[in-house]
Each structure stands twice: as structure tokens, then as C-alpha cells.
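Engineer: coords please:
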Amino acid sequence: MRALFFLATVVFFVSCKPQPQNGVDSTGYGDTGIQTGYFTLNRPLVTDSGALATVSDGGNILFYNQPSGVYYKGKHSRTYMAWLDRRNIVQLSYYDDRYNRMTTYADIFAWPYKDDHAQPVLHVKQYGDLKGHIYIFSSLHNSRLVYTRSKKPESITDFTPLSIIDNGKCTYPSVLETPTGELMVFYTRNTYSSDTGYKHWTRNLYYITSTDGGNTWSKEKEIVTGGTGTWVYYVQPVYKDDGIHIAFSIMKDDGGVYDVHYIKSNDGGDTWIYNDSTINALPVLANNPIYITPEGTQTRAWDLKLNSVGEPVIAYQNYDSTVGRSYVMYNIRTEPKHYFVTNSINSYYPAGLVLDEYNTNIAYASSVGKNGQNEIVEKTLDKQLDSFVTTSVISKETGRHQMRPQMVKQYHNMKLLWVDELEYNSFKDYKTNLKGYIDQGK
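Structural biologist: The predicted structure follows:
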């Protein structure tokens, strides 16, 4: 693949809206005020080996904050990607199908300190008057939830001032859009703080909606709780045929994350079906999982996709202090069937896996390679062997862990993103690069 470059350097300045006087700062993590944002187009990013791309030297993405990459075909045919760099700046770039190249990046706005919970969530409007406009959502860590959108369709160089969606203690945003153009932003909120330590806080799942492209927002609605002293860890919701599907796990007050739960709404989020029972009085109390964690280990729901007939398929990791074991669960609403995918080495967190958006029998996982480091592999379900088998090794052998694979939403050519770990000691202490996989014609 030929490496092409953008050579121009352009700088734009955008002032952020002042924080409201009644805003809620984060609990235990310092000030959440946002610095003045700016844009700068100043560095070419190139592809190598015809398939692998260095998306960002210093970039990072988080497994719960999704999507980080979105394909959109309008005037252009582009895959947009957003991440947080080592300077705590939210950045944006795109891969252009027509020219087979990565662009330089744009700096969008900055957070005041380093925390990988601030990884941005990306959305390109699919319907309505703002079709083609690019949205970036972000929260720090128990902080305000904010967003900005491009002033022009398919443009990464001019954005609106930051707007505050929610003043609460928010974490882990994700977004989906209905065919009517309604935006649904999901996030967890810290609803109860105990003076006995963060493991005794309560963090529940909420969503909020906008029918006018983000100009105004509804009152937030609480969806799921595990009870006092628990945290909800959910994966990116999926919307199809008027149904919203969500998978999640629960962290209990011992600090461990356990089990896999599944809920669905057929009425736009007003009521939810949990274990075949319709829950009208929200929030849903998560007390009946579809998968129970084996004793002495932990479990995190990691991904949810719908198969060709609209049935949910869930990927999860069962793990101990050092090793994560990846599985995919089918037939979750009848007799669940679990297939082993691979083992990986934890890097502070489990290393992760993701299901192909168009074929849930294909998974991309972080897997222990020959050199003892995690590599990104493509795995395909072999029902005769009762497990997934490796069909391709995606990442190069680097001597470093490759982790957190994430599918590009609605992918085309640029298919997959993941983290190249240089050092990862905690969510505040890490050094990473962001990699991508280009699969021509896909």
C-alpha cells in the first residue's frame, strides 16, 4: 500500500463553554474542568505492510467506551477514529478509502489530567438534518459528561464548543442512534458514595436522549442497578428493529467483577425484559445472571453483537489475577452454549476480545503468542472442535502486549483498532500506541 501524506499545517482555536456554578466535580479524582480545546493538523500518519496502520503514536482506547472508530459513506468514504493521547488531548483522524491513506490528526479538546476513562466515544449522525456530522462524547472519571459535534458534515477541523449533557459523576459513555435520528447516550453514574472507600460506592446504568441532534436532552433514566455498593460494567448497547440489547457484569463490594447479565427493550427504553420478565418499574435489579462466575475467578462481559437472525451473541472474559480466558456465548435466551476462544495475559485489565459485526462466528482477540506476549488474532468458530480456531494473526510480533481490540462500527476497509502497550501500570500510569487493521474490500 502506498503511503500518502497531508503536508498542510492548520490551527484553529475554539473556546469551551464555562462550567456551571452548580456543577459536580469528581469524587476522589480532582477537578474535572475542561481546558480550552483547539485543533491542529500537523503530522502525517502512514500505513505499513499494506494492512497494518499506526493510527496514533501515544494513542489509547478503552474497551467500555465505544465506538472509537466509525465508517461513514457520504460525500466521502471514510473511517473516522477518536482517541486520547499522552497529553490528555482527545484527537480525531480518518482513513480515506478513495486515497488509501490516513490523515493527519485534529486535536479536539483536553482533559486536565491523565486517566484512560476519558477515552472519547465517536458517532457520525446517520439520519436527519445533521446527517454526516461527527460527534465526540467524553467523561473523565466520575465527572461531567460532555459532547461536541462538527460544524460541517464529514469535517474534522471545526467543532462546536463543548456542551454538558450531565453534571453528575459519569463514567463509560456509549452512544447509538435510532432510525428516527434520536440519539441515545448511555453511561454509568455514581449514585452513592460511602466514606469506607470507593469499592462501596454505587454506580448504576443510565441513558439520556436527544431528538434534535444534541441541542436539548431529555431527563435521564436509570436502567440497571446491582444494589447498594455495586457497580454496573456494561458493553456497548446494540439497536436493531426497535430493540435495544445490553449485556453487563456487576462489581460487588468485595471489588470483584462477576457474572453476565442481559436485558432488552422493545419500546425504546421505557421498559426492559430481564430473564423473560418485563420490568416496568425501573431500574432493573440485576440478581439473575445468564452466566455465573466460577468460584475464585472474575468475569467481565466484553462485547455484544446480533447474529444474522437478530439473536444476541455475547463475548466475555473469565479471569484470575494474571490470565484471561475468552469465551463466546450463543443461544443466550434458550440454552446458552459457551465456546472457548483463547487465553491472554492480563495487563492491569483483562486484554479483551470483540465479535465481528457482520459474522458473530468470527472473533478478534488478544491471545498469548509464541513470544509470550499478547497478539491480536482472528478466530473462527469450529463447531466440530467445539471451540474457536486461529485463522489469522493480525498484529506483528513486537515483543509488547497487543490488547483491547475494537471493531470499527459499520466497518469498510479499516476494520479493527487495538492498543499497542509500551507500559501499563494503571489507568493513570500507562504508555501506549494505537494500531489499526486495514482489510481491503471488506
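Engineer: how about Asp116, phi and psi?
Structural biologist: Main-chain dihedrals, Asp116, degrees, to the nearest 10: phi -70, psi 0.
Engineer: Pull up the gap between it and Leu62, please.
Structural biologist: With the distance defined as Cβ to Cβ, to the nearest Å, Asp116 ends up 6 Å from Leu62. The way it works is simple: take the backbone N, C-alpha and C, and place the C-beta from them, glycine included.
Engineer: What of Ala301?
Structural biologist: 15 Å.
Engineer: So between these two, which is more surrounded?
Structural biologist: It is Ala301, of Ala301 and Leu62, that has more neighbours when counted by other Cβ atoms under 10 Å, with 27 against 21.
Engineer: helices or strands up against the helix or strand encompassing the more buried one?
Structural biologist: Counting by DSSP states H and E, the secondary-structure element that holds Ala301 is strand 298-306. When contacts are defined as 3 or more Cβ pairs under 8 Å, 6 or more residues apart in numbering; DSSP states H and E, strand 298-306 sits against strand 231-234, strand 238-240, strand 243-251, strand 257-265, strand 312-319, strand 353-355.
Engineer: In CSV, could you pull the C-alpha coordinates for that strand?
Structural biologist: What follows is strand 298-306 as a C-alpha-only set of coordinates in CSV (Å, rounded to 0.1, in the frame of the first residue of the first chain):
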residue,chain,number,x,y,z
GLN,A,298,-14.0,-12.9,37.9
THR,A,299,-15.9,-12.2,34.8
ARG,A,300,-16.5,-9.2,32.5
ALA,A,301,-19.0,-9.1,29.7
TRP,A,302,-16.9,-7.7,26.8
ASP,A,303,-19.0,-7.5,23.7
LEU,A,304,-22.5,-8.0,22.3
LYS,A,305,-23.5,-8.4,18.7
LEU,A,306,-26.6,-9.7,16.9
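Engineer: hmm, who's touching it?
Structural biologist: Identification of contacts with strand 298-306 by Cβ atoms under 8 Å, 6 or more residues apart in numbering yields 63, 233-238, 240, 245-249, 256-262, 291, 293, 312-320, 326, 350, 352-357, 360.
Engineer: again with stretch 329-336
Structural biologist: Stretch 329-336 has contacts (Cβ under 8 Å, 6+ apart) with 260, 262, 276, 290-291, 307, 311-316, 337-339, 360.
Engineer: Then stretch 270-279?
Structural biologist: 223, 261-266, 280, 282, 284, 286, 288, 290, 333.
Engineer: buried stuff in that stretch?
Structural biologist: By 16 or more other Cβ atoms under 10 Å, the buried positions in stretch 270-279 come out as 272-274, 279.
Engineer: pLDDT and neighbour count for the contacts of stretch 270-279 - can I get that in CSV?
Structural biologist: Compiled in CSV, the contacts of stretch 270-279 are given as follows (pLDDT from 0 to 100; neighbours: other Cβ atoms under 10 Å):
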residue, pLDDT, neighbour count
Ile223, 97, 25
His261, 98, 25
Tyr262, 98, 22
Ile263, 97, 21
Lys264, 97, 16
Ser265, 96, 21
Asn266, 95, 14
Asn280, 89, 8
Leu282, 94, 15
Val284, 96, 26
Ala286, 96, 21
Asn288, 95, 12
Ile290, 96, 17
Arg333, 85, 13
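Engineer: of those residues, closest to Ser174?
Structural biologist: Taking Cβ to Cβ as the measure, Ile223 is the one of the contacts of stretch 270-279 closest to Ser174, at 12.5 Å.
Engineer: How about residues contacting the helix or strand containing the closest one?
Structural biologist: With elements taken from DSSP H and E, the one containing Ile223 is strand 221-225. Residues from elsewhere that reach strand 221-225 (Cβ under 8 Å, 6+ apart): 186, 189, 191, 202, 204-208, 232, 234, 246, 248, 261, 263, 269, 272, 282-286.
Engineer: cutoff 7 Å now
Structural biologist: Under the contact criterion Cβ atoms under 7 Å, 6 or more residues apart in numbering, strand 221-225 has outside partners 204-207, 232, 248, 263, 269, 272, 282-286.
Engineer: Direction-wise, compare that strand with strand 243-251 and give the angle.
Structural biologist: If you take axes from the mean of the first three to the mean of the last three Cα atoms, to 10 degrees, strand 221-225 sits at 50 degrees to strand 243-251.
Engineer: thought Leu145 was touching Pro173?
Structural biologist: Yes - with contact defined as Cβ atoms under 7 Å, Leu145 reaches Pro173; the gap is 5.9 Å.
Engineer: and the closest residue to Glu182 other than its chain neighbours, how many neighbours?
Structural biologist: Distance criterion Cβ to Cβ, 6 or more residues apart in numbering; nearest residue to Glu182, sequence neighbours excluded, is Thr211 at 5.2 Å. Close neighbours of Thr211, defined as other Cβ under 10 Å, add up to 15.
Engineer: cool, Thr188 as well?
Structural biologist: 25.
Engineer: So it: helix, strand or coil?
Structural biologist: Local secondary structure at Thr188 is given as strand here, using DSSP: H, G, I helix; E, B strand; the rest coil.
Engineer: Show me what it is bridged to.
Structural biologist: Thr188 forms beta bridges with Thr171, Leu205, as assigned by DSSP bridges.
Engineer: Relative to Ser143, how far out is Gly214?
Structural biologist: Computed as Cβ to Cβ, the Gly214 to Ser143 distance reads 18 Å.
Engineer: likewise Pro336?
Structural biologist: From Pro336 over to Ser143 (counting by Cβ to Cβ), the distance is 36 Å.
Engineer: Compare those two and say which one has the larger neighbour count.
Structural biologist: Set Pro336 next to Ser143 and count neighbours by other Cβ under 10 Å: Ser143 wins out with 31 against 14.
Engineer: residues near Lys219, how many?
Structural biologist: Taking other Cβ under 10 Å as the criterion, the count of residues near Lys219 is 6.
Engineer: In space, what's closest to it - neighbours in sequence excluded?
Structural biologist: Using Cβ to Cβ, 6+ apart and skipping residues adjacent in sequence, the residue nearest Lys219 is Ile208, 7.6 Å away.
Engineer: quick one: secondary structure of the one you found?
Structural biologist: Reduced to three states with three-state DSSP, the structure at Ile208 is strand.
Engineer: give me the number of residues near it?
Structural biologist: Other residues near Ile208 number 19, with proximity taken as other Cβ under 10 Å.
Engineer: Perfect, I'm done here.
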